[in-house]
Each structure stands twice: as structure tokens, then as C-alpha cells.
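Q: Sharing a model that was predicted from the sequence below.
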Amino acid sequence: MSFLYCRNLTFTQPGRKHPVLEGIDLSLERGELVGLLGLNGAGKSTLLRLLMGFLKPSAGEVLLAGKSLRACSASAIARHLAYVPQSHAATFPYTVRRMVELGRVPHSGLTGRSGPEDRRAVEAALERMGLERLAERPVTELSGGERQRVVLARALAQDAAGLLLDEPMAGLDYGHQIRLMALLSELAREGRLVMLTSHRPEELYVRASRVLILDHGRIEADGVPGDVVTAQRMTALYGVPLHQTDHAGNRFFHQGEEDE
Ligand SMILES: Nc1ncnc2c1ncn2[C@@H]1O[C@H](COP(=O)(O)OP(=O)(O)OP(=O)(O)O)[C@@H](O)[C@H]1O
């Protein structure tokens, strides 16, 4: 039984003729770091939102730990899956610590008192995202990248077995990007499912255990990075001529003349 599974997953936006996603079959397991590539508008966010149960499929279904999402309450889903959205406006001046504490709600309930385990999870998440010094600041007074780290910390505090992240690197400075990718692979090694959408194939080549390409509403490629993140596929996907150079476990894409 897969941790997260979907079959024939199809989604059409209300009032639209063509489906965004059509007949998607996927088995996602704990321990995998799955990167999802695709053009703008390919349906990457839509797929994550369907897997989270935020959108209802037009056809097909999603199973979480063997159970149909339709039969799961929001808090039951949140105990298994944490989600980091693509963008998030801060409207209420909660402190950073309070925001991260909200990640514990699926465990303790909205009115539930936080116990030592909750406090430990919150402090660990603040530390992992380098937010200790910002903990008492209102989130409305943070920069975009700092706020992104708060949302990531909230997802970490949730301590779910699966983590679905929509372009989590967006807005982070270079150091935090590198640290976050390292953290995501550590979380996968700990036995979690980590799935992220990305516009950075080179980064997925290094860190992901599996890469999917979403194109024309379907999974066009699904495999190990070495097979999927290739110049040929990236050229076909993005429509720009690319060559690849492999060096010290990295793969770089570049335009222009191929290496000798
Ligand atoms: N609320 C909405 N109403 C109607 N169409 C929508 C809505 N949200 C998204 N779409 C359409 O659904 C398609 C898929 O959008 P989605 O956000 O899943 O793409 P994406 O792959 O995540 O793109 P990006 O890389 O730009 O984030 C797009 O064609 C988009 O225009």
C-alpha cells in the first residue's frame, strides 16, 4: 500500500472545457524526495492541491495511507500531510512563534493546550529554519523570504509523514535555498515523503530521488534524476536549446556549443 496514491486523477476548472490534469496515476512513498517540473500553468499546484484534498477531482481519487481522501477529515489529512503554498500574504500580526505553533493544531486542536512535545516541535522548527532571533516579531513586519521560512517552519512543526511544497525556494536567499534543499533531503532520508514543485532542474538532479515532468495534463516522465533531467528532455520541455555538462555529481545546463 502506497503512502499517497492517486488513480485516474482528472481535474477541470469550473467553466473550462479542457482538463488541467487528465488520468494521472501516481504512487508516492515515504522516503522519496520527488521533484515536479513543468511549464507555468502546467498544473503542478493543481496536482498538489488535489493530493492535499483542497480541490475535489472531476474524476479519479486520491488515497492517503490506503484511505480515500473523501473519507478523511481535514485534521486527519493534516496529521499525515503538511503543505507549503506558493504564496501567502500575512494579514494578521501574529508573532513568528505563534504562526509556527499553528502547525501543531492538527495534534493539539485549536483550543487544546500545548504540551512539552508541541513546544519541542515548535522550537526545533524555529531552529531548523534559522528563525530563533525573529521568534517574537509580527509576521506582517517580515520580508518575503523571512515569511516563507515561517511558513516552512509551520509545516515542519506539523511533523507530518508527508510534506508537499509548492516552489519552496521562491524568495529565499541563496544560502537558505541550499540549506532548505539539504533539509528536505534529510527529511526524506528520515522516512518522510517530500514532494516539491520546482523550476530548477539542476537542483533536482542533485537532491531528488525521483523527478516527474508534468506536460499537457499528464505525467510525461517519471524516473531517477539521471534519466529524467537530461538536456534532451529539458530542451523539449522548455523550448530552449540546452546542452549538459556533468561535473562532481552535478549536472549543468547551458546554451550554445556542446562541450567537446
Ligand atoms: N482559480 C482558477 N480558475 C481558473 N483557472 C485556474 C485557476 N487556478 C489555476 N487555473 C488554471 O489552471 C492551470 C494550472 O494552474 P497551476 O497553478 O496548477 O499551474 P502551475 O504548473 O502550478 O504553474 P506555475 O509554474 O506558474 O506556478 C492554468 O492554466 C491556470 O490558468
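A: Ah, there it is.

Q: so where's the stretch 101-250 of the chain shaky on pLDDT?
A: 109-112 (pLDDT under 70).

Q: could you pull out the helices for it?
A: Counting by DSSP state H, counting those that start in this stretch, the stretch 101-250 of the chain has helices at residues 105-108, 116-128, 144-157, 174-189, 201-207, 225-228, 231-238.

Q: So which of these is nearest residue 84?
A: With Cβ to Cβ as the criterion, residue 84 lies closest to helix 144-157 of these, at 5.0 Å. For the C-beta atoms, the positions are set from N, CA and C on the backbone; glycine is no exception.

Q: Show me what stretch 124-133 is in contact with.
A: 96-97, 100, 103, 135, 146, 149-150, 152-154, 156-157, 176, 179, 183 (Cβ atoms under 8 Å, 6 or more residues apart in numbering).

Q: for the residue most central in space within the chain, what are its contacts?
A: By Cα atoms, centre = their mean, the chain has its centre lying nearest to residue 165, at 1.8 Å. By Cβ under 8 Å, 6+ apart, the residues touching residue 165 are 83, 84, 152, 155, 184, 194, 195, 196, 197.

Q: Ramachandran angles for residue 38?
A: phi 170, psi 160 (degrees, to the nearest 10).

Q: gap between it and residue 166?
A: As defined by Cβ to Cβ, to the nearest Å, residue 38 lies at a distance of 12 Å from residue 166.

Q: Residue 222: neighbour count?
A: By other Cβ atoms under 10 Å, the residues close to residue 222 number 16.

Q: wait, isn't it in contact with residue 212?
A: Yes. Counting by Cβ atoms under 8 Å, residue 212 is a contact partner of residue 222 at 5.1 Å.

Q: what touches both of these two?
A: Common neighbours of residue 222 and residue 212 (Cβ under 8 Å, 6+ apart) are 26, 228.

Q: one step back: identify the contacts common to residue 38 and residue 166.
A: 44, 197.
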